[in-house]
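K.L.:
Below are the sequence and a predicted model; questions follow.
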2 protein chains.
Amino acid sequence: MKSFELISQDKNSSARLGILKTAHGEVQTPAFMPVGTAGTVKGITPAQLREVGAQIVLANTYHLMLRPGIEVIEKIGGLHKFMAWDEPILTDSGGFQVFSLSPLTKINDDGVEFASHIDGAKLYMDAEGVTQFQNRLDCDIAMCFDQCPPFGCLPNELKDAVDRTIRWAKRCKDAHKNSQQMLFAIVQGGIDALMRRQCSLELINMDFDGYAIGGLAIGEGHENMIKTIGLTAPLLPPDKPRYLMGVGMPADIIAAVMAGIDMFDCVLPTRNGRNAYAFTMDGPLHMRNNGHITDAATIERNCDCYACQNFSRSAIRHFFNVGEMMGPILTTIHNLRFYQRLMSEIRTRIENGTFAQWANAQILKMLSLNEPGN
Amino acid sequence: MKSFELISQDKNSSARLGILKTAHGEVQTPAFMPVGTAGTVKGITPAQLREVGAQIVLANTYHLMLRPGIEVIEKIGGLHKFMAWDEPILTDSGGFQVFSLSPLTKINDDGVEFASHIDGAKLYMDAEGVTQFQNRLDCDIAMCFDQCPPFGCLPNELKDAVDRTIRWAKRCKDAHKNSQQMLFAIVQGGIDALMRRQCSLELINMDFDGYAIGGLAIGEGHENMIKTIGLTAPLLPPDKPRYLMGVGMPADIIAAVMAGIDMFDCVLPTRNGRNAYAFTMDGPLHMRNNGHITDAATIERNCDCYACQNFSRSAIRHFFNVGEMMGPILTTIHNLRFYQRLMSEIRTRIENGTFAQWANAQILKMLSLNEPGN
């Protein structure tokens, strides 16, 4: 049941078309996963999430471990039941969060001691514990516990993190006991080609269900990110799904698909939506802008989302202006649909052979439009 | 097109079954109108509002006048288009808000000078202006501009408010120029029988499309409220809809239906929903309560709302606990559905002759359960 089928390979780029088969259904790749950190995509019901076209969502082991606790979700019948989402779920291992959110971390080869970012409680995570947590959450794809070193760290710190990530991946694989669940390894190594190569080869030798590229979109910039993806993706086995973690802006996603990435997650469509930033193919709109006060147009022409089918920019601006939840909700719905439309267009263009040329033009256009216009 | 059809009259109480026909469709009465003060029922899309069974919503002239302004909504094509709600809308005139929200009001027979509760800007409302605003919003039911005196005011203040409410109603009727729109008068008079009688008779002589009872649920308590409704409703013409403004708790609604009321609006299902208070026929639940941490049950057994069809109390408690919008959204959906199920049961029981006995038992039960149990 759990497998990855590579359907086709673009002739003019490294882009791939595939189907990821999980215990809760199939995902067409390249795919974008909306982020439901605490068991809910912020402001959006599962019914609305299905309506925007999402086929898989991401949730976070770190956050769910802190609140409500793994045992609570297990008692309710697993994460799918708890979230009321019967389709595929990927859980992040918490490796990224434990380093980015916790004020006090003490790391050694065994695991990580850290303080909860909620109440300062002393907690501990290690490869076995995180794997067991994800087994119990019963998500479709579990991620290995990894160490994500900060951008710009010293070479020996980077090497230590890579070595630890490799050792922990082995321990995760040994601890993994859920036969319905896929386990993906995470390639670290910053923007260092040699580190990325070493990490990839070691992880591939352990034979995981899929491979993620972690440690990007943490301050290195579009150029460095794309170069690192370009050198790492070809190292990964072509018959396994490739997941670029935490990325990104539409231009980043298109460029990464060109380099052979199959899966993405990012908080941008939801977080930006709550902050009144709406994505469109003609560049972003800031929905609080006074220019929208009497604007009867929808957020984006030809968009088939619920917001664009029903509401004017004027109404959405008003909802933000008076602090009504409907502003964030409608803009989140639009942004999530925008990302799904983008992935759908990418898949169609890979299929009909028009991807590469379109992608280059789109990336240039989008990078020139990355500031809100009005 | 605009009319009220009285379908049947309960044999054992003053309860009535009717159909209110508006330019945007029919409303089965007794009916409950969710409150969409600023052009949105807080947290709920129009699609979700339809799904909970709402047939009509209330919006507020006062709030819409301040933000985004009547001319904005007019430019977008009227309130239905602005709100994306193609079914009946009633707008409150703002009489209640101008007295309850504005820090500085100077009232005379012409109208009211007041300060915006948003930014302190000096504003003015009068009978003609408020009527024209509602004409331009193009809602289905407009309310006359009235003066709502505070509970416990002096007899001469009460009489002044009643006299003014009557004079303003006449001016509203003269100013009303939207032939598709119904205009309802508002009966004031506090809990004083003579004042209610005088106000009712004068307004009836002017022949409005419907009659509202205003100035209740402002601190007089259930007993005084029900007595005042009991003496006022029979004064109103049986062939016109009767609307009790701003009420209320389920027990209040059932008692008011017994006294012959056809329409209700109240912020309780939405406001309480946002505050984690869920209505059930067995009494309210507080969704933040630790008792729900591992509770796999839904909010209410046998409830057909989206929240109860999909989510455990455990998940909803978790969403409130971590500050996710999904807590308020799901509890609001449940509460709105609870109110619509209540109205549906009331209508069915009036139809099959079992209303009065059920109503008395329910009121006693609900009044004994009005504190959150767990």
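P.N.:
Cool, got the structure.

K.L.:
partners of the residue positioned nearest the centre of chain A in the sheet?
P.N.:
In chain A, the C-alpha nearest the mean C-alpha coordinate belongs to A:D265, at 1.4 Å (CA atoms, centre = their mean). With beta bridges defined as DSSP bridges, A:D265 has these partners: A:M33.

K.L.:
Please identify the residues of the stretch 51-200 of chain A in proximity to chain B?
P.N.:
A:63, A:67-68, A:72, A:75-77, A:81-84 (CB under 8 Å from any CB of the partner chain). Quick note: C-beta positions are derived from backbone N, CA and C, even for glycine.

K.L.:
Turn those into JSON lines, columns for pLDDT and secondary structure.
P.N.:
Formatted as JSON lines, these follow (pLDDT from 0 to 100; DSSP: H, G, I helix; E, B strand; the rest coil):
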{"residue": "A:H63", "pLDDT": "95", "secondary structure": "helix"}
{"residue": "A:R67", "pLDDT": "97", "secondary structure": "coil"}
{"residue": "A:P68", "pLDDT": "98", "secondary structure": "coil"}
{"residue": "A:V72", "pLDDT": "98", "secondary structure": "helix"}
{"residue": "A:K75", "pLDDT": "98", "secondary structure": "helix"}
{"residue": "A:I76", "pLDDT": "98", "secondary structure": "helix"}
{"residue": "A:G77", "pLDDT": "98", "secondary structure": "coil"}
{"residue": "A:K81", "pLDDT": "98", "secondary structure": "helix"}
{"residue": "A:F82", "pLDDT": "98", "secondary structure": "helix"}
{"residue": "A:M83", "pLDDT": "98", "secondary structure": "helix"}
{"residue": "A:A84", "pLDDT": "98", "secondary structure": "coil"}
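
K.L.:
Show the buried residues in those residues.
P.N.:
By neighbour count, with 16 or more other CB atoms under 10 Å in any protein chain shown, these hold A:63, A:68, A:72, A:75-76, A:81-84 as buried.

K.L.:
Strands of the stretch 51-200 of chain A, start to end?
P.N.:
A:57-60, A:89-92, A:105-107, A:111-115, A:122-126, A:141-143, A:182-187 (DSSP state E, counting those that start in this stretch).

K.L.:
most tightly surrounded among these?
P.N.:
Of the strands of the stretch 51-200 of chain A, the one with the most neighbours on average (mean count of other CB atoms under 10 Å in any protein chain shown) is strand A:141-143, at a mean of 29.

K.L.:
Please enumerate residues in contact with that one?
P.N.:
A:22, A:61, A:88-93, A:95, A:131, A:134-135, A:176, A:178, A:181-184, A:186, A:209-210, A:212 (CB atoms under 8 Å, 6 or more residues apart in numbering or on different chains).

K.L.:
who does that strand pair up with?
P.N.:
strand A:89-92 (parallel), strand A:182-187 (parallel).

K.L.:
and the last one, C-alpha only, in PDB?
P.N.:
It refers to strand A:182-187. Extracted C-alpha coordinates of strand A:182-187, given in PDB (Å, rounded to 0.1, in the frame of the first residue of the first chain):
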ATOM      1  CA  MET A 182       6.400   5.400   5.800                       C
ATOM      2  CA  LEU A 183       9.600   6.700   7.400                       C
ATOM      3  CA  PHE A 184      11.500   9.500   5.600                       C
ATOM      4  CA  ALA A 185      15.100  10.400   6.400                       C
ATOM      5  CA  ILE A 186      16.300  14.100   6.400                       C
ATOM      6  CA  VAL A 187      19.400  15.200   4.600                       C
END
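
K.L.:
gap between it and the chain center?
P.N.:
Here the centre of strand A:182-187 is set off from its chain's centre by 14 Å, with CA atoms, centre = their mean, to the nearest Å.

K.L.:
I'd assumed A:A23 was in contact with A:D140.
P.N.:
Yes: the pair A:D140 / A:A23 is scored as a contact, 5.4 Å apart, by CB atoms under 8 Å.

K.L.:
more crowded one of those two?
P.N.:
Ranked by neighbour count (other CB atoms under 10 Å in any protein chain shown), A:D140 and A:A23 place A:D140 first, with 25 against 18.

K.L.:
list the contacts for that one?
P.N.:
A:D140 makes contact with A:2, A:22-24, A:56, A:88-90, A:180-182, according to CB under 8 Å, 6+ apart.

K.L.:
Which residues are in contact with each of A:D140 and A:A23?
P.N.:
In contact with both A:D140 and A:A23: A:2, A:180-181, using CB under 8 Å, 6+ apart.

K.L.:
Assign a three-state SS to the residue in the stretch 151-300 of chain A positioned nearest to chain B, would you?
P.N.:
Closest contact between the stretch 151-300 of chain A and chain B, by CB to the nearest CB, is at A:T294 (4.8 Å). Per DSSP: H, G, I helix; E, B strand; the rest coil, the local secondary structure of A:T294 is coil.

K.L.:
for A:L17, same thing?
P.N.:
Under three-state DSSP, A:L17 falls in the strand class.

K.L.:
What residues does it make contact with?
P.N.:
Residues near A:L17 by CB under 8 Å, 6+ apart: A:6-10, A:28-30, A:347, A:350-351.

K.L.:
Relative to its centre, which residue of chain A is most distant?
P.N.:
Residue farthest from the centre of chain A, counting by CA atoms, centre = their mean, is A:T294 at 35.9 Å.

K.L.:
pretty sure A:G77 is in contact with B:A296, am I right?
P.N.:
Yes: between A:G77 and B:A296 a contact is recorded at 7.1 Å, counting by CB under 8 Å.

K.L.:
Pass me the low-pLDDT residue ranges in chain A, would you?
P.N.:
Counting by pLDDT under 70, the ranges of chain A that qualify are A:1, A:370-374.

K.L.:
Do the longest helix seen in it and chain B come into contact?
P.N.:
With secondary structure taken from DSSP state H, chain A has its longest helix at helix A:326-352. Yes: against chain B, helix A:326-352 shows contacts by CB under 8 Å from any CB at A:326, A:328-330.

K.L.:
wait, which of the residues you listed is closest to A:G248?
P.N.:
If you rank these by distance to A:G248 using CB to CB, A:P328 comes first, at 21.1 Å.

K.L.:
Not counting sequence-adjacent ones, nearest residue to the residue of the stretch 151-300 of chain A closest to chain B?
P.N.:
Leaving aside its chain neighbours, A:T294 sits nearest to B:K75 (4.8 Å; criterion: CB to CB, 6 or more residues apart in numbering or on different chains).

K.L.:
Please apply the same query to A:L244.
P.N.:
In this structure, A:L244 finds its nearest non-sequential neighbour in A:I261, 4.6 Å apart by CB to CB, 6+ apart.

K.L.:
What degree of burial does the one you found show, as a neighbour count?
P.N.:
The number of residues packed around A:I261, counting by other CB under 10 Å, is 27.

K.L.:
How about the contacts made by it?
P.N.:
For A:I261, the contact set (CB under 8 Å, 6+ apart) comprises A:30, A:213, A:229, A:233, A:242-244.

K.L.:
change it to 10 Å
P.N.:
By CB atoms under 10 Å, 6 or more residues apart in numbering or on different chains, the contact set of A:I261 is A:14-16, A:29-30, A:212-213, A:229, A:232-233, A:236, A:241-244, A:247, A:252-253, A:255.

K.L.:
if I've got this straight, it is in a strand?
P.N.:
No: read with three-state DSSP, A:I261 is coil and lies in no strand.
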